[in-house]
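Asks: turn this into a model:
(one chain, ligands or ions: 2)
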Amino acid sequence: MVPPLVLDIDGTLTTVDGRLDPRVLELLPDWEAPVVLATGKAFPYPVALAGFLGRDATVIAENGGVVHVDDETSLLADPSAPRAVIEAFLERGGDLGWGGDETVNRWRETEVAVSVDADEALLREVAAAAGDEVEVVDTGYAFHVKSPDVNKGEGLARVAGSLGVDPEAFVAVGDSENDVSTFEVAGTAYAVANADPAATAAADVVLEAGYMDGTAAVLEALAAGETPPGRRR
Ligand SMILES: O=C(O)COP(=O)(O)O
Ligand SMILES: [Mg+2]
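Replies: Numbering: from 1, shown residues only. Ligands and ions are numbered 1, 2, ... in the order given. Down below sits the predicted model:
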């Protein structure tokens, strides 16, 4: 019996240059337990990935702002405060850093994502002025301006409840600050070798390999009934 999985996407199912690793298409379609895609990306991305894997869209998007399970979508955060921060950031001369008709935020419903090339100091200054209503989360792929009331871990608790599965049964793999809450809710948490200090510190096991090399090692071991390799903390 394989365990249910909760998997981050960027840095976890991808290669070092950001491509979807082909092993995702080999290992996940026939995984005989729930697979939850938990991402900072906007909702359509994990829905599309789940669809192309031939699986139900059991998805946590926008860092927990959007949860989809059992054909029901929940929007769990109010985008007004993050959007007001972004307006103030733009007024102060900031630039989101994505270029023209960008698709990063086009379908984003509860938060706003800013490029890692943007002016981080200005963004944090403007966000701090908004007080407790917003936080800035750095995934290594974007700065997410979001409500602190939602996160991937809360999303996992909701998904697990809906599926009737104990959250402790889940095996999590992730790479960054936005996976810490997932690691706290799931029973066993693996950080890939490329994980940032926050995810590394929150993980039960730190993998020797990075990106999908690390994740594939976990999935292959679990499928073989073996203990995945890595440094237990
Ligand atoms: O959207 C991001 O910034 C990162 O996405 P991820 O949570 O799938 O790694
Ligand atoms: Mg990630």
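Asks: so which bits of this structure are right by ligand 1?
Replies: With C-beta under 6 Å from any ligand atom as the criterion, the chain meets ligand 1 at residues 8, 9, 10, 11, 39, 40, 41, 139, 141, 142, 178. Heads up, the C-betas are built off the backbone N, CA and C, glycines and all.
Asks: chain center to the helix or strand containing residue 161: distance?
Replies: Here residue 161, judged by DSSP states H and E, is contained in helix 152-163. Centroid displacement of helix 152-163 relative to its chain, using C-alpha atoms, centre = their mean, to the nearest Å, is 13 Å.
Asks: give me the mean pLDDT for the helix or strand that that helix is followed by.
Replies: Tracing the chain C-terminally past helix 152-163 and defining elements by DSSP H and E, one meets strand 171-174 next. This predicted structure assigns strand 171-174 an average pLDDT of 98.
Asks: which outside residues touch strand 171-174?
Replies: Residues external to strand 171-174 that are found in contact with it (C-beta atoms under 8 Å, 6 or more residues apart in numbering): 3-8, 11-12, 38, 156, 179, 182-183, 186-192, 195, 199, 203, 214-215, 218, 222.
Asks: list the contacts for the residue positioned nearest the centre of the chain?
Replies: Nearest to the mean C-alpha position of the chain, by C-alpha atoms, centre = their mean, lies residue 39 at 2.6 Å. Residue 39 makes contact with 8, 9, 10, 45, 46, 59, 60, 61, 63 under the criterion C-beta under 8 Å, 6+ apart.
Asks: ok, back up a step: farthest pair in the residues of the chain next to ligand 1?
Replies: Taking every pair in those and measuring C-beta to C-beta, the maximum separation is 13.3 Å, between 8 and 142.
Asks: more crowded one of the two?
Replies: Between residue 8 and residue 142, counting by other C-beta atoms under 10 Å, residue 8 is the more crowded of the two (28 against 24).
Asks: surely the more buried one is in contact with residue 177?
Replies: No - at 10.9 Å, residue 8 and residue 177 do not qualify as touching, with contact defined as C-beta atoms under 8 Å.
Asks: partner strands of the lowest-mean-pLDDT helix or strand in the chain and their direction?
Replies: Among the helices and strands of the chain, strand 231-232 carries the lowest confidence by mean pLDDT, DSSP states H and E, at a mean of 88. Based on DSSP bridges, the strands next to strand 231-232 in the sheet, each with its direction, are strand 205-206 (antiparallel).
Asks: circling back to that earlier point, other SSEs contacting the helix holding residue 161?
Replies: Using 3 or more C-beta pairs under 8 Å, 6 or more residues apart in numbering; DSSP states H and E as the contact criterion, the neighbours of helix 152-163 among helices and strands are strand 35-38, strand 59-61, strand 66-69, helix 180-185.
Asks: between the ones you listed, which one is closest to ligand 2.
Replies: strand 35-38 (9.1 Å; C-beta to the ion).
Asks: before we move on, the earlier item: just the buried members of the contacts of strand 171-174?
Replies: Buried subset of the contacts of strand 171-174 (neighbour count, 16 or more other C-beta atoms under 10 Å): 3-8, 11-12, 38, 156, 179, 182-183, 186, 188-192, 195, 199, 203, 214-215, 218, 222.
Asks: in helices, which of those residues fall?
Replies: When these are checked against helices using DSSP state H, the ones located there are 156, 182, 183, 199, 214, 215, 218, 222.
Asks: for residue 208, give me phi and psi.
Replies: phi -70, psi -30 (degrees, to the nearest 10).
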